[in-house]
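In: sequence and computational prediction follow.
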Amino acid sequence: MTTSAWERPWCASLDLARVGERVEVVGWVRRRRDLGGLVFVDLRDRSGLLQLVFEEAMVAEGERLSAEDVVRVSGTVRERAEGQANPKLASGAIEVKVEELNVLTAAETPPFVVEDRVNASEELRLTHRYLDLRRPEMTANLVLRHQVVAATRRYFDDMDFVEVETPILTRSTPEGARDFLVPSRIHKSSFYALPQSPQLFKQLLQVAGLGRYMQISRCFRDEDLRADRQPEFTQVDVEASFVTEEDIYTLVEGLFARIFPLVGIEPPATFPRLSYDEAMERFGSDRPDTRFGLELEELGPLCEGCGFRVLEEAAADGRVKGLVFPGGASLSRKQLDGLSEFVKPYGAAGVLWFKRIADGVASPAKKALGDDGVLRFLDAAGAEEGDVLLVVGGPESTVFAALGALRTHLAREHGLIPEDRHDFLWVTDFPLLEWDSGEERFHAMHHPFTAPTEDDTKLLESDPGAARARAYDVVMDGVELGGGSIRIHNPEVQRRMFAALGINKAEAEARFGFLLEAFRYGVPPHGGIALGLDRMLMLMAGRDSIRDVIAFPKTTSATCLMTRAPSEVDAHQMEELGLTTRS
């Protein structure tokens, strides 16, 4: 019996409706159980598991199978014996009595057991990623990725968008992260750059009159890595003409209503909105996790003339804010010292604490402030008996970074985040520019083509640091899923934006000349957003790292342990490119 590959059933697709049928199945041996005169084998393919039974003359055939052997089996589907059904398996009510076995490939013992519960290190699993991907939970992640991409394409097709592929080999336009550069063999001493995003091309497509563009696009950034970053990643890239912020919000909320239910998550019809300033003041982050409290409290006014020099100086030169940790008065001195160490990488000197306890108050600042002074801080923050108030002072950016990270750390460490709750929100009204004290110049918070708000356009010359942008981020559970903006389409406003960034006419022409040239021939108002597909999938799959939803990811040192990339190339290739290396 030979079945067409397209007609052959998946292991997990067989059920009671197929009882009595003769079928052919293929897959990998997951496990063999010898019961004396009877051999059970679990067969695994992408869909799941199927129990095979080797009886009578086939017992010897079954006994020679080993884990990860690749086999083709023909046999008859039958109902499992009473009490033997496995409700945890899709095929758990049936089994296949094997009548013919063909071992297609005998496997060596793998370096780790191919099971969801695996003790192997991530390094070992990434080295043998093809084995890691056989594990059911990893296979499920790739299937989910396919389903989300397919649903995304269907949604944008329904919304009359056109998917357009943009170049991978383009020119370097440094802005933000470092480019990956590709040397040209034909044009010696010249380089292509891999795109950090299709930003300029998707704007050119609006000039071209396409109107509604999307792409599942590959992007490349040479930046330091972490759990939610990779040197190459995938965006759901979107741009449209004649749109406002409200149009983009509605578009993305509609997309999420399509894809998140695939994993049982039902987003609200419309997402709450927070301005950038409110998000920073309340949560210390422009991607706040709003599933728990621990909101930041303003304490600066209490510090002036309070008698505690550290607080007075911090308030005079910067900001003083704190958060109340309910029940935190039980934290030991060692634990509180640990929180001070936690915030130091964010630039803070430490954490000053105030406790409200049954017999009064406690704080390292009590000697300077007195009981009444400590109580004023506790009362202002709303701390009750048994709580601790954790305070950080310093430059505004430091205070926000330290307390924003601290509130998330406390919530995770003490189980304050509800497991069955997911919060979506928009963060809006970002600053247009941010000051780089090292270079003593402004940089674009998003990119140099982001439009300022209509009211703040007048600030481009008089007070550029105060200008707000028509920019927005969509956030889920404290993770930024994507960001975008309405773009500048007025050439005069674009000139003024470049001037605020310290980009003169010659530099603008050298870096963005082809875009500026296109804008001379009638550019429509337009805007868009780029959604991080890998980050969305990470949250949908309930994982902590985007590496788990990418087939062949890089490590945090930007290497591929499986292919051993990056690697040296031979001298002939270097000579062709006109390149030499320095040791």
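Out: Looks like it came in fine.
In: how near is Val427 to Ala140?
Out: 31 Å (C-beta to C-beta, to the nearest Å). Just so you know, the C-beta spots here come from the backbone N, C-alpha and C atoms, and that holds for glycine as well.
In: who has more neighbours, the two?
Out: More neighbours surround Val427 than the other of Val427 and Ala140, with 24 against 14 (other C-beta atoms under 10 Å).
In: can you tell me the SS state at the more buried one?
Out: strand (DSSP: H, G, I helix; E, B strand; the rest coil).
In: also Arg218?
Out: State at Arg218, reduced to three classes by three-state DSSP: strand.
In: surely it meets Pro231?
Out: No - the pair Arg218 / Pro231 is not scored as a contact, 11.1 Å apart, by C-beta atoms under 8 Å.
In: distance from the strand or helix carrying Glu517 to the middle of the chain?
Out: Using DSSP states H and E, Glu517 falls within helix 505-518. Chain-centre distance of helix 505-518: 33 Å, with C-alpha atoms, centre = their mean, to the nearest Å.
In: strands of the stretch 451-583 of the chain, start to end?
Out: In the stretch 451-583 of the chain, the segments counted as strands under DSSP state E, counting those that start in this stretch are 471-476, 479-486, 526-532.
In: wait, which of those is closest to Ala60?
Out: Ala60 lies closest to strand 526-532 among those, at 53.4 Å (C-beta to C-beta).
In: which parts of the stretch 251-400 of the chain are helices?
Out: All helices of the stretch 251-400 of the chain, identified by DSSP state H, counting those that start in this stretch, fall at 276-283, 300-303, 309-317, 333-343, 366-381, 396-413.
In: as CSV, those with mean neighbour count and distance to Ala257 would be great.
Out: Listed next are the helices of the stretch 251-400 of the chain as CSV, based on neighbours: other C-beta atoms under 10 Å; distance: least, C-beta to C-beta, whole Å:
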stretch, mean neighbour count, distance to Ala257
helix 276-283, 19, 24
helix 300-303, 16, 42
helix 309-317, 17, 45
helix 333-343, 15, 38
helix 366-381, 17, 38
helix 396-413, 20, 27
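In: can you lay out the ones you listed as a markdown table showing distance to Ser184 and mean pLDDT?
Out: Listed next are the helices of the stretch 251-400 of the chain as a markdown table, based on distance: least, C-beta to C-beta, whole Å; pLDDT from 0 to 100:
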| stretch | distance to Ser184 | mean pLDDT |
| --- | --- | --- |
| helix 276-283 | 41 | 98 |
| helix 300-303 | 56 | 94 |
| helix 309-317 | 51 | 92 |
| helix 333-343 | 47 | 95 |
| helix 366-381 | 60 | 94 |
| helix 396-413 | 41 | 97 |
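In: nearest to Glu492 among these would be which one?
Out: For Glu492, the closest of the helices of the stretch 251-400 of the chain is helix 276-283, at 26.1 Å, according to C-beta to C-beta.
In: by how many degrees do that closest one and strand 471-476 diverge?
Out: Interaxial angle of helix 276-283 relative to strand 471-476 (axes from the mean of the first three to the mean of the last three C-alpha atoms, to 10 degrees): 40 degrees.
In: helices or strands next to helix 276-283 in the packing?
Out: strand 296-298, helix 396-413, strand 424-428 (3 or more C-beta pairs under 8 Å, 6 or more residues apart in numbering; DSSP states H and E).
In: Throw the ones you listed into a markdown table and include distance to Val182, thanks.
Out: Below are these laid out as a markdown table (distance: least, C-beta to C-beta, whole Å):
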| stretch | distance to Val182 |
| --- | --- |
| strand 296-298 | 45 |
| helix 396-413 | 35 |
| strand 424-428 | 35 |
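In: residue ranges in the stretch 201-350 of the chain under the pLDDT threshold?
Out: Scanning the stretch 201-350 of the chain with the threshold set as pLDDT under 70 gives 227.
In: repeat that with 80
Out: Residues of the stretch 201-350 of the chain meeting the criterion pLDDT under 80: 224-228.
In: start to end distance for stretch 152-166?
Out: Using C-alpha to C-alpha, to the nearest Å, one end of stretch 152-166 lies 18 Å from the other.
In: buried set for that stretch?
Out: Neighbour-count burial for stretch 152-166 flags 152, 155-156, 161, 164, 166 (criterion: 16 or more other C-beta atoms under 10 Å).
In: now do the SS call for Trp435.
Out: strand.
In: use 254 as the first number for this chain going forward.
Out: OK, 254 is where the count begins now, so the last one is Trp688.
In: about what we covered before: out of the helices and strands packed on helix 529-536, flag the one nearest Arg378.
Out: Judged by C-beta to C-beta, the one of these that comes nearest to Arg378 is helix 649-666, at 24.3 Å.
In: contacting residues for Thr834?
Out: Going by C-beta atoms under 8 Å, 6 or more residues apart in numbering, Thr834 touches Met827.
In: so what does it look like in phi/psi?
Out: Backbone torsions of Thr834, given as degrees, to the nearest 10, read phi -110, psi 150.
In: so how far is Glu687 from it?
Out: 36 Å.
In: again, but for Asp726
Out: Remark: distance between Asp726 and Glu687 (C-beta to C-beta) = 15 Å.
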